[in-house]
Structure formats: structure tokens, C-alpha cells
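# Got a predicted model here, sequence first, then my questions.
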Amino acid sequence: IMKTVDIARFIRHIGARDFVRASSMLEDIIKKETNVNTRYALEQAYKTWGTPKQMDEVPYNIKRFIYNVNKNVVLNDLKLENNIRKAIDYIVDTFNKKDLLQSNGLDPVNKILFAGPPGNGKTSVALALSKDMNIPLFKVNMAEVISGRLGETSKQIDNVFREVNNFGKGILFFDEIDTFATKRTYDDGCDKEISGAVNKMLQEIDSINPNILFVCATNVSDELEPALLRRFNMKLWFKNPTREQIEDYIMEYFDKRNVDLDAMILSGIENFKSKSWSDAEMYCEAHFRRIVLDSETIIYGNEWIGNE
């Protein structure tokens, strides 16, 4: 029998456009309903809602903390080292089997740090995990979280974790976490404010919902607060590709587009050393753009013009 309090909560979720929680609650109401006719009526009504993906909407009170991420990428699209890909598959496996692990006193691997030089796929892997696992990605907008007002940053962190935990299932992604959780020095009031916020984050990580995959990314892992580093139960290093890997990527890029490698493309490959996957992608796009436009002008997106 449906209780008034359940109906009230259900209506509130609908009013807040929190369809995921409303859907979960309706499923629970149907499961508990003992009257056969009422259950059948609820099941038929629920079917008109559409698929879970169509109902997936982030509630309003989370949206201001979150970037709108629309990039469509899957893990198989990414160039990853074999050991990194195996580790990511392991993360997905433990997340999907967390009930089995918890029944045996074990935790899923759901507190992950991505580190390494920029442009090598840390953010892309977070996006791809969301796509492949069919769960929402909450990419935190640090500008909305960090505040100069005393105690406000801790409050904002509490809001982010509370709302995402209550949301149910997803990836909570703090990109460039080093802008916030660096080693603490306690030199001034500002540092003490950040220190208090870091402490708050550590507490939230310790009690995070096991249905949430907590992921942080940084380019400078050696500058992170040691207490934060100890919270992660997996740390992945995304290194720059070798020159041979970049050459293979460039050849594959143009082969897929039925474009022959001309002298300008081949000459540029010689200069690739200590470059990232992002550099290789921009290199290919710049040359493909030149070829499509039938132009001799080549402009790389990662270089300054007029700053010789």
C-alpha cells in the first residue's frame, strides 16, 4: 500500500525534474505494492515514461556545480597503454560487481586518480567511462566550488558530495584537482581556509556512496596533499606516447580518410618528441584541414602566432 509520504517525495522529485530518483522511487513503490490490480496499473503507467536514458536528467540543485559535457567518446576510440586499459576494465568490473564484493567484506575500486602530463586522455577516459557504463558524469566546475568567503568552500564541497551521493549512480569527476588540494603549508588565513576545505573533502571521500565512481585528474601529482593521495585505491599514470606510437596514429588517421601522406606531413613527424596524444591529434587535424581547403597554410592549435 502506497504511503502518503512516499507519494509526496515522488511528487517533489518530479517537480525538481529529478527523473532518475523519481524513477527509482516508483520502481520501489511498484515492488512493495501488494494489490495486484494497483501494481499492474502502476507498471503500465511506468512504461509510458520511456527508457531510463530518456528519463536521465540532472536535478537543478546540482547543475550549477557541473560542466555540461556533450563529447561523444567511448573507450575503444582512445589510444591507451595495455596496462592502463586493463586497469580501467578492472575498475568497471569491480563497479558492476560491487554487491558481490561488499557481501565478502570488500570495497569496489571506486576512488581513482588520473595523473600525468597534459593531453594524454585523462579527461577523455572519464567521459568514455560515463558513456560505456551508461551512467552520468558530474564534472565539477571548480570555479563554482572554490570561494574566498570563510567556510564557504567547505560548504560547497559538502553540497556537491551530498547531492551526487543522493542522485544514486554516476561518476564524480574533479579535473585539475591540484588547483585546490595541494600540499598544505598553513602560512596564512587563505591557506587555512583551503586546508579546512581539503579536510572536508577527505571526510566526504571516506563516506562516498559505493554507487559513485570518484575520479580526480591532475598534471602535477607530486604537488597533491599526501592525505588525499592515500584515499585513492587506484592511481593511473597517463604518459606521453613514443614517437613510434605517434607515427602509427598519424598513419592510421589519414588512412581512415583515404589521404596520402604528403611531404609536409612527413617532415613534421620528424619533430615529434615528448609530445602528447592531443598534440598528435591537433597535428593531424591541422594538416587534414589544409588538404581539404587545398591550401599551403598550416596552423597548429597549440602554438602562438606572432610570439616569435
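Looks like it came in fine.

# in this structure, which segments are predicted with low confidence?
Residue ranges of the chain with pLDDT under 70: 1-3, 13-20, 49-71, 148, 150, 184-191, 302, 308.

# how does it look with 50?
Applying pLDDT under 50 to the chain flags the ranges 52-55, 186.

# for it, what spans make up the strands?
Remark: strands assigned in the chain by DSSP state E are 111-115, 137-139, 170-174, 212-218, 234-237.

# Dump those strands to TSV, plus mean neighbour count and distance to residue 127.
Where you see a C-beta, it was placed from the backbone N, CA and C, and this is true even at glycine. TSV is the format used below for the strands of the chain (neighbours: other Cβ atoms under 10 Å; distance: least, Cβ to Cβ, whole Å):
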stretch	mean neighbour count	distance to residue 127
strand 111-115	23	12
strand 137-139	23	6
strand 170-174	24	9
strand 212-218	25	11
strand 234-237	16	15
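
# and residue 89, which of the ones you listed is closest to it?
Checking these against residue 89 by Cβ to Cβ gives strand 234-237 as the closest, at 12.0 Å.

# who does that closest one pair up with?
strand 111-115 (parallel) (DSSP bridges).

# list the contacts for the residue nearest to the spatial centre of the chain?
The centroid of the chain falls nearest to residue 126 when counting by Cα atoms, centre = their mean (3.7 Å). By Cβ atoms under 8 Å, 6 or more residues apart in numbering, the contact set of residue 126 is 114, 137, 139, 171, 173, 175, 215, 217.

# again, 6 Å this time
173, 215 (Cβ atoms under 6 Å, 6 or more residues apart in numbering).

# Direction-wise, compare the lengthiest helix in the chain with strand 170-174 and give the angle.
Identified as the longest helix of the chain according to DSSP state H is helix 189-206. When axes from the mean of the first three to the mean of the last three Cα atoms, to 10 degrees is applied, the directions of helix 189-206 and strand 170-174 differ by 160 degrees.

# Export only the CA atoms of helix 189-206, formatted as CSV.
Taking Å, rounded to 0.1, in the frame of the first residue of the first chain, the C-alpha atoms of helix 189-206 are listed here in CSV:
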residue,chain,number,x,y,z
GLY,A,189,44.4,32.6,6.5
CYS,A,190,43.7,31.7,2.9
ASP,A,191,45.7,28.5,3.2
LYS,A,192,43.9,27.6,6.4
GLU,A,193,40.6,28.1,4.6
ILE,A,194,41.6,25.8,1.8
SER,A,195,43.0,23.3,4.4
GLY,A,196,39.6,23.2,6.0
ALA,A,197,38.0,22.5,2.7
VAL,A,198,40.5,19.7,1.9
ASN,A,199,39.7,18.1,5.3
LYS,A,200,36.0,18.3,4.3
MET,A,201,36.8,16.6,1.0
LEU,A,202,38.7,13.8,2.7
GLN,A,203,35.8,13.1,5.0
GLU,A,204,33.4,13.0,2.1
ILE,A,205,35.7,10.6,0.1
ASP,A,206,35.8,8.2,3.1
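
# Tell me what angle that helix forms with strand 212-218.
Put simply, helix 189-206 runs at 140 degrees to strand 212-218, going by the same axes, to 10 degrees.

# For residue 182, which of the strands of the chain is the nearest?
Nearest to residue 182, of all the strands of the chain, is strand 212-218, at 9.6 Å by Cβ to Cβ.

# if I look at residue 130, how far off is residue 257?
When distance is defined by Cβ to Cβ, to the nearest Å, residue 130 is 28 Å away from residue 257.

# now swap in residue 8 and tell me
Distance, residue 8 to residue 257, by Cβ to Cβ: 57 Å.

# Against residue 214, how distant is residue 233?
10 Å.

# just residue 123 next, same as before
In terms of Cβ to Cβ, residue 123 sits 15 Å off from residue 214.

# what pairs with the residue found closest to residue 178 once you drop the neighbours it is linked to in the chain across the strands?
Computed as Cβ to Cβ, 6 or more residues apart in numbering, the closest residue to residue 178 that is not its neighbour in sequence is residue 218, at 4.5 Å. Per DSSP bridges, the residues bridged to residue 218 are residue 115.

# how close does residue 218 sit to residue 229?
10 Å.

# rewinding a little: pick out whichever of residue 130 and residue 257 has more residues nearby.
Using other Cβ atoms under 10 Å as the criterion, residue 130 and residue 257 rank with residue 130 on top: 23 against 11.

# The more buried one and residue 171 touch, don't they?
Yes - counting by Cβ atoms under 6 Å, residue 171 is a contact partner of residue 130 at 5.4 Å.
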